[in-house]
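S.K.: The amino acid sequence is not available; the structure is as follows:
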């Protein structure tokens, strides 16, 4: 079988297609033949060296497929089961993966495995951001950066369903249409306008209750300036690079703001939380209340192109590799 290995940290040329012999699952493990794998910014951070990793390693941490073997002691998962997972390093960009049985969740009947792979990491991220990091509710106003991206489209849907007024940022009218269809009430074209000034105009000077910012360096200051007093800044990614060090006094001066830098791993602290969050996301996909938009599909051998496209900021929705 084949997998994509990061031979050394650096550019996308270090993503190398290699052949390997599938391993047998050990105690508590399952082996899965992948139907699809998600492409995520964390894959880029790990490949580039933003997140130091010991090389070589198999890229990717999210996928879905069919169980082909189970190890000793595994009772809750059987051969033939359709499963999905996220945040399991070394199990994404490959045709076959061995992983702990406790890290996989069942895929509901009627949910395509490709959609399940596309839904896991970004879906659970959007879920915890709107339910736990900032419990969004009817009457709130939120600013969502990159509203036509994978997480952005999901945030627009989940926030809109809660009665939240959503202001989204995009770069083109095509992306704006996607964001509006997902629930965005207003769009700011960030290349043509001062985002914070537009937010103030759209909120009659009040500012928003919460900003969801996965961009980082280039948007951070404007995000803080978009908040109302005691508003919450949720920085959940750094697509444009890391944010420089911040004097906490800035948060006071701008209105006693709250700042958090969450990650999905800390919202999946045990099996029960994984099951609950995954069930909420995949259940919503199954009943049609959450739409997962796969923006582009790539064969496994084109993993480098997939990551390059994601880095470019020109894509919409979720990118997936199809072994």
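M.R.: Happy to help now that I have it. Predicted model, so just to flag it, every value in this text is computed and none were measured.

S.K.: three-state assignment of the residue lying closest to residue 265 once chain neighbours are set aside?
M.R.: In this structure, residue 265 finds its nearest non-sequential neighbour in residue 87, 5.8 Å apart by CB to CB, 6 or more residues apart in numbering. Where you see a C-beta, it was placed from the backbone N, CA and C, and this is true even at glycine. Following DSSP: H, G, I helix; E, B strand; the rest coil, the label given to residue 87 is coil.

S.K.: Kindly report the same for residue 158.
M.R.: Classification of residue 158 by three-state DSSP places it in helix.

S.K.: Contact partners for the closest residue to it other than its chain neighbours?
M.R.: Nearest residue to residue 158, sequence neighbours excluded (CB to CB, 6+ apart): residue 130, at 4.8 Å. Applying CB atoms under 8 Å, 6 or more residues apart in numbering to residue 130 gives the contacts 136, 155, 158, 159, 162, 164.

S.K.: how about the residues you listed, which pair is most distant?
M.R.: Longest distance between any two of the contacts of residue 130 is 10.8 Å, between 155 and 162; criterion CB to CB.

S.K.: Which elements pack onto the strand or helix carrying residue 278?
M.R.: Residue 278 is located in helix 271-287, with elements delineated by DSSP states H and E. When contacts are defined as 3 or more CB pairs under 8 Å, 6 or more residues apart in numbering; DSSP states H and E, helix 271-287 sits against strand 105-106, helix 113-128.

S.K.: would you say residue 309 is within a helix?
M.R.: Yes. Looking at residue 309 with three-state DSSP, it is inside a helix.

S.K.: Verify the stated contact: it with residue 315.
M.R.: Yes. Using CB atoms under 8 Å, residue 309 makes contact with residue 315 at a distance of 5.3 Å.

S.K.: Might you report the residue contacts of the residue positioned nearest the centre of the chain?
M.R.: Closest to where the C-alpha atoms of the chain average out (CA atoms, centre = their mean) is residue 122, at 2.8 Å. Residues in contact with residue 122 (CB under 8 Å, 6+ apart) are 38, 40, 150, 151, 154, 318.

S.K.: got a pLDDT number for it?
M.R.: At residue 122, the pLDDT value in this model is 96.

S.K.: Repeat that for residue 239.
M.R.: 88.

S.K.: Hmm, it is touching residue 220, no?
M.R.: No. Using CB under 8 Å, residue 239 is not in contact with residue 220; the gap is 11.7 Å.

S.K.: of the two, who's got more company?
M.R.: Ranked by neighbour count (other CB atoms under 10 Å), residue 239 and residue 220 place residue 220 first, with 23 against 20.

S.K.: Cool, thanks, signing off.
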